[in-house]
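Q: Return atomic coordinates for the entry below.
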Amino acid sequence: MNLFQKYGGADFWSDFLNVFYTRITDSELLSRHFADKDIDHIKSMLIGLLEVTLVTEGHYPEDSLKEGHKNMGITGAEFDNWIKIYTSALKDSGIADEDAASILALVQGYRHCIVTKP
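A: So this is what the prediction gives:
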């Protein structure tokens, strides 16, 4: 069974993203990137990303990620903080350590598409 369905499909991952984005928008370092943003739209896009990567073990189009993040000015430190919050949300949502490691490896693989500032 793929990781998307293993934990309950779209409903589980939607709940996970609710927890995650509550933490992100509370982050002093990251909240500026989400001010005046449609968080529900972002979560909807991320459900699609999770489904593509966790169901098919496919690769999300890097050009789309680069385009979506190119004007955000995301630093390496911000990305690292995002990963820290994502990791804690995975753990707190009951994702097994080995599954969390797989998911985090996928996300880390997109770092070069998201980080635009040193």
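Q: quick one: pLDDT of Glu51?
A: For Glu51, the model assigns a pLDDT of 85.
Q: Please apply the same query to Phe34.
A: Phe34 carries a pLDDT score of 90 in this model.
Q: And for the nearest residue to it once chain neighbours are set aside, the neighbour number?
A: Leaving aside its sequence neighbours, Phe34 sits nearest to Thr25 (CB to CB, 6 or more residues apart in numbering; 5.2 Å). Using the backbone N, CA and C atoms, a C-beta is placed for each residue, glycine as well. Per other CB atoms under 10 Å, the neighbour tally for Thr25 reads 14.
Q: ok, Thr25 - contacts?
A: By CB atoms under 8 Å, 6 or more residues apart in numbering, the contact list for Thr25 reads 31, 34, 39.
Q: what's near enough to touch the second one?
A: If a contact means CB under 8 Å, 6+ apart, then Phe34 has 21, 24-25, 42 as its contacts.
Q: repeat for the first one
A: For Ser31, the contacting residues are 24-25, by CB under 8 Å, 6+ apart.
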